[in-house]
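>>> Here's a sequence, model it:
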Amino acid sequence: MSAGWWVLIGIGAFLVLVAIYDVLQRRHSILRVFPVVGHLRYVLEAFGPELRQYIVTSNEAERPFSRNQRRWIYASSKRQNSSFGFGTDADFERSPGYLIISPAAFAAPPPEGGDPEDWPLPSAKVLGGPRERPKAFRPASVVNISGMSFGALSARAVESLNAGAALAGCMQTTGEGGLTPYHLQGGDLVMQFGTGWFGARDAQGRLDLPRLVDLVEQNPIRAIELKMSQGAKPGVGGMLPASKVTPEIAAIRGVEVGKPCISPSVNPEFSNVDELLDTVERIAEATGLPVGIKSAVGDARFWSDLARHMDGGSRGVDFITIDGGEGGTGSGPLAFVDHVGLPYRLAQARALRAFAERGIQHRVAWIGSGRLGLPEESIMAFALGADMINVAREAMLSIGCIQAQRCHTGHCPSGVATQSAWRQRGIDPALKSARAAAYVIALRREITRLARSTGVEHPAQISLDHIEVLEGDVLTPVAQRFGITPGWAVPVEI
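Predicted coordinates:
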């Protein structure tokens, strides 16, 4: 044979060896699913900063998460250097609503002893404390993992996130898709129920309270969340495509195999605030757990009505998760995704205002959700009255998501949002759980450092005076921009 043939054989043999290595290794999801060709992604990523000086986009241009934001999450989850060199490339004066955090002349000293990763950051409030629920507790982490259902996410993704929650000492919300074995990897749970009541429903799709009580008694469920609506698609319910409704998912949810699984747009248990609170109290009395709601924000009358009904003190929710309109979803109508529901900052301000005007905002633990998994956005949420934040897409990024935006197709290339067995195998839960935990820990550490830079010890002590919003060359106080009276969001517990 000629030398040319031997060269081709050598190249072919090399590529075969690379393919074998890629399929067998466990560190990189993309390479396990797309051997050999997957290396192109890392090559392009490595030379991205240089290439972008001449072509494509800037580090801040992409959405929903910019290249810089994704880089911070990836580096944090891998315990790599997450610092940025040569100063900021943000264009302050052309970035509407740009946050400016005011550093104190005398910053608060760091917590005593231990590595920064070990700094505790529990919630400022006891969940269920004001209403004296029998199983009230103080969450150990102000950063927790948001509700993402098995079915929308793959089994290995759910398993990785729950094991990561256990490692990081935080909680994971189940999503409305029911409780699965993949949620039982050691992490504490917030059990979420949507309009379909998956996991605790009867044959007619209504709440089966005895079944719910059994579920709580047999599993590490610390609280229950009733999903009123989702920030990214309020008012339209949800739908898991037929292709994702496997026999396993059908058994967990109590639906038919191979048919679209519908979460109705309305809840069969309640249609007004009075009925909602009756349902909340019925569940809390039966389980002893704190019970809250998750909702997008629009009609101000709902929030004023809820606050009015709770003002008497006999009934009430223990926590409210505010889901901003910029939150993520597997899929949804474009008009709803883009235009229905307030963005988080305005949503939090509107809901809090209804309670603060009656002086009862401290009876509720406020949880922020909707692209808050970055340190500066978290600090803004705390300044607006949040006691904790939930992270979803950022947690997905930490375990390998590459923002391909194919969540609704079943063809997620990283194996995070798919039921394809081949694509899922790219996720090694043992490794990815460590990355999820590292990301949560890094976020808590940065939140702590930012809070202390303003002179306070806990992020819940961040006030509206600590943050301003830059519009062009004009600074606007947060209180003025969002119509919040100073003092409304100050916590009563630490």
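>>> The helix or strand harbouring Gly368 pairs with which strands, and in what direction?
Assigned by DSSP states H and E, Gly368 belongs to strand 365-369. Strand pairing for strand 365-369, determined by DSSP bridges: strand 319-323 (parallel), strand 388-391 (parallel).
>>> Show me what the helix or strand that that strand is followed by is packed against.
Counting by DSSP H and E, the next helix or strand C-terminal to strand 365-369 is helix 375-383. If contacts are counted by 3 or more CB pairs under 8 Å, 6 or more residues apart in numbering; DSSP states H and E, helix 375-383 sits against strand 98-101, helix 344-356, strand 388-391, helix 429-453, strand 467-471. Yep, even glycine has a C-beta here, placed from its N, CA and C like the rest.
>>> hmm, who's touching helix 375-383?
Residues outside helix 375-383 that contact it (CB atoms under 8 Å, 6 or more residues apart in numbering) are 99, 101, 143, 344-345, 348, 368, 371-372, 389, 443, 446-447, 450-451, 459-460, 462-464, 466-467, 478, 489.
>>> switch the cut-off to 6 Å
Here helix 375-383 makes contact (CB atoms under 6 Å, 6 or more residues apart in numbering) with Leu99, Gly368, Leu372, Ile389, Glu446, Ile447, Leu450, Pro459, Ala460, Ile462, Leu464, Ile467.
>>> Just among those, which is most surrounded?
Leu372 (31 neighbours; other CB atoms under 10 Å).
>>> Quick one: residues contacting that residue.
Counting by CB under 6 Å, 6+ apart, Leu372 makes contact with Ser378, Ala381, Ile389.
>>> Report pLDDT for the second one.
Think Ala381. pLDDT for Ala381: 93.
>>> Show the subsequent helix or strand relative to the helix or strand of the chain with the lowest mean pLDDT.
Least confident element among the helices and strands of the chain, by mean pLDDT, DSSP states H and E: helix 48-52 (a mean of 56). Sequence-wise, the next helix or strand downstream of helix 48-52 (DSSP H and E) is helix 67-77.
>>> Quick check: mean pLDDT of that following helix?
Mean predicted lDDT for helix 67-77 stands at 86.
>>> export it as PDB, just CAs?
Extracted in PDB, the C-alpha atoms of helix 67-77 (Å, rounded to 0.1, in the frame of the first residue of the first chain):
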ATOM      1  CA  ARG A  67     -21.900  34.300  27.000                       C
ATOM      2  CA  ASN A  68     -20.300  35.900  30.100                       C
ATOM      3  CA  GLN A  69     -23.100  34.700  32.300                       C
ATOM      4  CA  ARG A  70     -22.900  31.200  31.000                       C
ATOM      5  CA  ARG A  71     -19.100  31.300  31.400                       C
ATOM      6  CA  TRP A  72     -19.500  32.300  35.100                       C
ATOM      7  CA  ILE A  73     -21.900  29.400  35.700                       C
ATOM      8  CA  TYR A  74     -19.800  26.800  33.900                       C
ATOM      9  CA  ALA A  75     -16.600  27.900  35.600                       C
ATOM     10  CA  SER A  76     -18.300  28.000  39.000                       C
ATOM     11  CA  SER A  77     -19.800  24.500  38.600                       C
END
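>>> can you give me the strands in the stretch 101-250 of the chain?
Remark: strands assigned in the stretch 101-250 of the chain by DSSP state E, counting those that start in this stretch are 143-145, 171-173, 188-193, 221-227, 238-240.
>>> Domain parsing of the protein, as residue ranges.
In terms of domains, the chain is parsed into 1-56, 116-482 (source: automatic domain parsing).
>>> Which residue, neighbours along the chain excluded, lies closest to Arg41?
Leaving aside its chain neighbours, Arg41 sits nearest to Ile30 (5.9 Å; criterion: CB to CB, 6 or more residues apart in numbering).
>>> ok, now Gly288?
In this structure, Gly288 finds its nearest non-sequential neighbour in Pro134, 3.7 Å apart by CB to CB, 6+ apart.
>>> Also Gly370?
Spatial nearest neighbour of Gly370, excluding adjacent residues (CB to CB, 6+ apart): Gly324 at 2.8 Å.
>>> Arg211 now?
Residue nearest to Arg211 in three dimensions, not counting chain neighbours: Ala200, with 4.9 Å by CB to CB, 6+ apart.
>>> ok, back up a step: make JSON lines from the strands of the stretch 101-250 of the chain and add distance to Thr418 to it.
Shown next, in JSON lines, are these (distance: least, CB to CB, whole Å):
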{"stretch": "strand 143-145", "distance to Thr418": "19"}
{"stretch": "strand 171-173", "distance to Thr418": "20"}
{"stretch": "strand 188-193", "distance to Thr418": "21"}
{"stretch": "strand 221-227", "distance to Thr418": "23"}
{"stretch": "strand 238-240", "distance to Thr418": "12"}
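>>> and Val37, which of those is closest to it?
Smallest distance to Val37 across the strands of the stretch 101-250 of the chain (CB to CB): 30.2 Å, for strand 238-240.
>>> Now stretch 240-254: buried residues?
Buried residues in stretch 240-254, counted by 16 or more other CB atoms under 10 Å: Leu240, Pro241, Lys244, Val245, Glu248, Ile249, Ala250, Ile252, Arg253, Gly254.
>>> Show the pLDDT at the fifth one.
At Glu248, the model reports a pLDDT of 84.
>>> mind checking how far it is from Phe150?
Distance of Glu248 to Phe150, computed by CB to CB, to the nearest Å: 9 Å.
>>> what's the answer for the fourth one, then?
Taking CB to CB as the measure, Val245 and Phe150 are separated by 12 Å.
>>> now do Ile11
For Ile11, the distance to Phe150 (CB to CB) stands at 42 Å.
>>> and these two? which has more neighbours close in?
More neighbours surround Phe150 than the other of Ile11 and Phe150, with 27 against 10 (other CB under 10 Å).
>>> Enumerate every residue touching the more buried one.
Val158, Gly177, Thr180, Tyr182.
>>> try it again with 10 Å
By CB atoms under 10 Å, 6 or more residues apart in numbering, the contact list for Phe150 reads 157-159, 174-175, 177-183, 198, 240, 244, 248-249, 252-253, 419.
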